[in-house]
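**Q** Quick one, fold the following:
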Amino acid sequence: MTHEKEAEHIIDLYREGAEVWDNYRTKHFIEQHWLARFLDLIPAGGELLDVGCGAGIPIAQYFLQKQFNVTGVDASEPMIARCRERFPQAQWHITDMRTLALDKTFNGIIAWDSFFHLTRDHQRAMFPRFAQHAQVGAALMFTSGHDDGEAMGTFLDRPLYHASLAHNEFRQLLSDNGFNVIKQVTEDATCGGRTVWLAQFNGC
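**A** Next up is the predicted model:
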């Protein structure tokens, strides 16, 4: 059984629940050690793309505090409005990641707790988009499920869709699009059980 109907409601959920999600995220920041690993691959003052940036806290805020240049994209207008109010020095775009086309390349791309809301076919289609926006040597970091399949969470007491490819398919997609895996941890106990991928772009 597939849940594509629920997947199509993700953007609406994050529009309606922007304040609820923002209040939660401002109190939870357990990914800092992964962000530090990510930044280790990026030159000082580099250009970063945050795909599914939410309201900008804590991830974009962390990058800006470290003196990196941030461009954030999210399909939720209320989330982007909060980003623009909080961090006017950064660039913010109301954009569905499935149609991402900024005509710019970056030193680092992150899709933390966002990319995994896409259907598996849409996840497959994201890897050429990541490559399109990556400078040679760019870091790419994203979170996924622990194995191939779909899973339903809840948000605003409604179904919240997640999906994942199998690990071997992620590795193949990364390789096919010019990325080498640097670090991968499945269900990292130090990061709330997240499955994290960190890769580097060597060019297609």
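**Q** pLDDT at the closest residue to Ser114 other than its chain neighbours, what is it?
**A** Leaving aside its chain neighbours, Ser114 sits nearest to Gly52 (2.3 Å; criterion: C-beta to C-beta, 6 or more residues apart in numbering). All C-beta atoms are positioned from the backbone trio N, CA, C, and that covers glycine. With respect to pLDDT, Gly52 has a value of 96.
**Q** longest helix of this structure?
**A** helix 120-132 (DSSP state H).
**Q** coming back round to it: list the contacts for the residue nearest to Ser114?
**A** 73-74, 97, 111-115, 117 (C-beta atoms under 8 Å, 6 or more residues apart in numbering).
**Q** gap between Ala134 and Ala163?
**A** According to C-beta to C-beta, to the nearest Å, Ala134 and Ala163 sit 23 Å apart.
**Q** what about the nearest residue to Glu150 once chain neighbours are set aside, which SS state?
**A** The shortest distance from Glu150 to any residue other than its chain neighbours is 4.7 Å, reached at Ala163 (C-beta to C-beta, 6+ apart). For Ala163, the assignment made with DSSP: H, G, I helix; E, B strand; the rest coil gives strand.
**Q** Quick check, Ala163 in contact with Met152.
**A** No: contact status for Ala163 versus Met152: not in contact, 10.0 Å apart, counting by C-beta atoms under 8 Å.
**Q** ok, these two, which is more surrounded?
**A** Set side by side, Ala163 and Met152 show more neighbours around Ala163, with 24 against 12, by other C-beta atoms under 10 Å.
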